[in-house]
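**Q** okay, structure incoming, though there's no sequence with it:
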Ligand SMILES: Cc1cc2nc3c(=O)[nH]c(=O)nc-3n(C[C@H](O)[C@H](O)[C@H](O)COP(=O)(O)O)c2cc1C
């Protein structure tokens, strides 16, 4: 990484919001709308923020927080914050170098990257770009042999775990893209192999678990019922997600779903979550509610769009600082001390949209 550029970026961006504003200036209208938009009315997008904004803290005081440890672990390896880069298709339309630029930022900071199967460069080149903790996420768009080939390649290239995204049985109507006539350079309408995606069932999860000895994450769980089924199939990680509100419209916000899934899982597997997480306080809320790791989708993309790999690193530094302050003000010296008693339901304040975490952003 270019340290002079990083120094400049640190001086230029004192808040996450400033990175978001820079991304908006830098990105052309098509990629911008693709990045920030959601399905149809974007109700699920807004509910992701609404759910987070409807949680308040119950701080404890007079507990020595002179040293706050914000680290966590990920499949037994230490990570600097309990967050990872969620899989993003088409990253190459947001930042030069695409997934490789994101991998370098994740590695330099010390958090994992989950690589999307519809992103450039592919899994081999991204693995070669940076020595980061990595997970491979697959959209199932081929037969069993096709899936097995991806598992083999991912394992050969040091991917720690494998993720199947399962909230994409149909490709949603992203109206910002349609209205803007934005044709994604990497595909036109329905992706090749989307019939496999629609036909996917728990039978394939069973086949996967019987055949492969790699930890499996199911991304896109939104009910206790499906969490229970995932457990019955031996899934290691239940990833609560509504795809950032980009698939089913009128779903619940992820942070509202999290407690029912955590209760259903009852410690038998890890629960991860994403959807609307933009600030350090958001991350702390998820961990207090029982998530082990938080996926960041749009935030890293915005940071990459603002200032490339240095921008991503800066965003993660700012997030870490926000997390440290939040934990300290809650009277907790580490995530291990955080409990569901540190949060409570509260009436939300203000508006709820993809940017409501940044109230000073010019509309
Ligand atoms: C531009 C964009 C592309 C995405 N591509 C994928 C993908 O290829 N695979 C996937 O499982 N999820 C994908 N997602 C969903 C994210 O992994 C994640 O679930 C979501 O962005 C989290 O919400 P947030 O953006 O509010 O943080 C994408 C999201 C965005 C914004």
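**A** Cool, got the structure. Not measured: the values here are computed from a predicted model.
**Q** doesn't residue 315 lie inside a strand?
**A** No. The assignment for residue 315, made by DSSP: H, G, I helix; E, B strand; the rest coil, is helix rather than a strand.
**Q** for residue 224, see how far away it is.
**A** Distance of residue 315 to residue 224, given as CB to CB, to the nearest Å: 33 Å. (Glycine included, C-beta is placed from N, CA and C.)
**Q** which one of these two has more residues nearby?
**A** residue 315 (27 against 16; other CB atoms under 10 Å).
**Q** contacts only, for the residue nearest to the more buried one when sequence neighbours are not counted.
**A** Counting by CB to CB, 6 or more residues apart in numbering, the nearest residue to residue 315 once its immediate chain neighbours are dropped is residue 303, at 3.5 Å. Neighbour list for residue 303: 16, 19, 23, 105, 311, 312, 314, 315, 316 [criterion: CB atoms under 8 Å, 6 or more residues apart in numbering].
**Q** the fourth one touches residue 301, doesn't it?
**A** What it means is residue 105. No. Residue 105 lies out of contact with residue 301 (CB atoms under 8 Å); the separation is 11.2 Å.
**Q** does residue 311 belong to a helix, a strand or coil?
**A** Going by three-state DSSP: residue 311 is helix.
**Q** quick check: residues of the stretch 201-350 of the chain near the ligand?
**A** 219, 241, 243-244, 246, 274-277, 295-298 (CB under 6 Å from any ligand atom).
**Q** how does it look with 5 Å?
**A** Counting by CB under 5 Å from any ligand atom, the stretch 201-350 of the chain comes close to the ligand at 241, 243, 244, 274, 275, 276, 297, 298.
**Q** which of the residues you listed sits closest to the ligand?
**A** residue 297 (2.0 Å; CB to the nearest ligand atom).
**Q** how close does the closest residue to the closest one other than its chain neighbours get to residue 358?
**A** Once flanking residues are discounted, residue 297 sits nearest to residue 86: 4.3 Å by CB to CB, 6+ apart. Using CB to CB, residue 86 is found at 19 Å from residue 358.
**Q** where in the stretch 1-150 of the chain is pLDDT low?
**A** Scanning the stretch 1-150 of the chain with the threshold set as pLDDT under 70 gives 1.
**Q** what residues does it have near the ligand?
**A** Near the ligand, when you scan the stretch 1-150 of the chain using CB under 5 Å from any ligand atom, you find 35, 86, 87, 88, 89, 116, 118.
**Q** so the fourth one belongs to a strand, correct?
**A** Think residue 88. No. Counting by three-state DSSP, residue 88 falls outside a strand, being coil.
**Q** hang on, isn't it packed against residue 120?
**A** No. Look at residue 88 against residue 120 with CB under 8 Å: they stay out of range, at 11.1 Å.
**Q** strands of this structure, start to end?
**A** Listed in chain order, the strands found in the chain under DSSP state E are 55-57, 72-74, 77-79, 83-85, 113-116, 134-138, 159-165, 216-221, 237-240, 270-274, 293-296, 343-345.
**Q** save those strands as TSV, and put in mean neighbour count too.
**A** Shown next, in TSV, are the strands of the chain (neighbours: other CB atoms under 10 Å):
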stretch	mean neighbour count
strand 55-57	17
strand 72-74	18
strand 77-79	14
strand 83-85	29
strand 113-116	27
strand 134-138	25
strand 159-165	22
strand 216-221	24
strand 237-240	27
strand 270-274	25
strand 293-296	25
strand 343-345	13
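**Q** nearest to residue 99, of these?
**A** strand 113-116 (5.7 Å; CB to CB).
**Q** run the chain-centre distance for the closest one.
**A** 9 Å (CA atoms, centre = their mean, to the nearest Å).
**Q** what sits against the residue nearest to residue 193 when sequence neighbours are not counted?
**A** Counting by CB to CB, 6+ apart, residue 193 lies nearest to residue 141, which is 2.9 Å off, once chain neighbours are set aside. When contacts are counted by CB under 8 Å, 6+ apart, residue 141 touches 191, 192, 193, 194, 196, 197.
**Q** which residues touch the first one?
**A** Listed by CB under 8 Å, 6+ apart, the contact set of residue 191 reads 118, 139, 141, 171, 197.
**Q** what does the fifth one give?
**A** For residue 196, the contacting residues are 140, 141, 142, 143, by CB under 8 Å, 6+ apart.
**Q** gap between the residue nearest to the last one when sequence neighbours are not counted and residue 141?
**A** I take that to be residue 143. Among residues not flanking residue 143 along the chain, residue 196 sits closest, at 7.1 Å (CB to CB, 6+ apart). Distance of residue 196 to residue 141, computed by CB to CB: 5 Å.
**Q** now residue 271
**A** In this view, residue 271 and residue 141 are 27 Å apart by CB to CB.
**Q** how about residue 222?
**A** Distance, residue 222 to residue 141, by CB to CB: 22 Å.
**Q** for residue 97, same thing?
**A** 24 Å.
**Q** check residue 362 too.
**A** Distance, residue 362 to residue 141, by CB to CB: 40 Å.
**Q** cool, and residue 221?
**A** Residue 221 sits 20 Å away from residue 141, going by CB to CB.
**Q** now swap in residue 149 and tell me
**A** Residue 149 is 12 Å from residue 141, by CB to CB.
**Q** span of stretch 268-287 from start to end?
**A** In stretch 268-287, first residue to last residue: 16 Å (CA to CA, to the nearest Å).
**Q** could you shift the numbering so residue one becomes 332, and keep it that way?
**A** Okay, residue one is now 332; in that scheme the one you just asked about reads as stretch 599-618.
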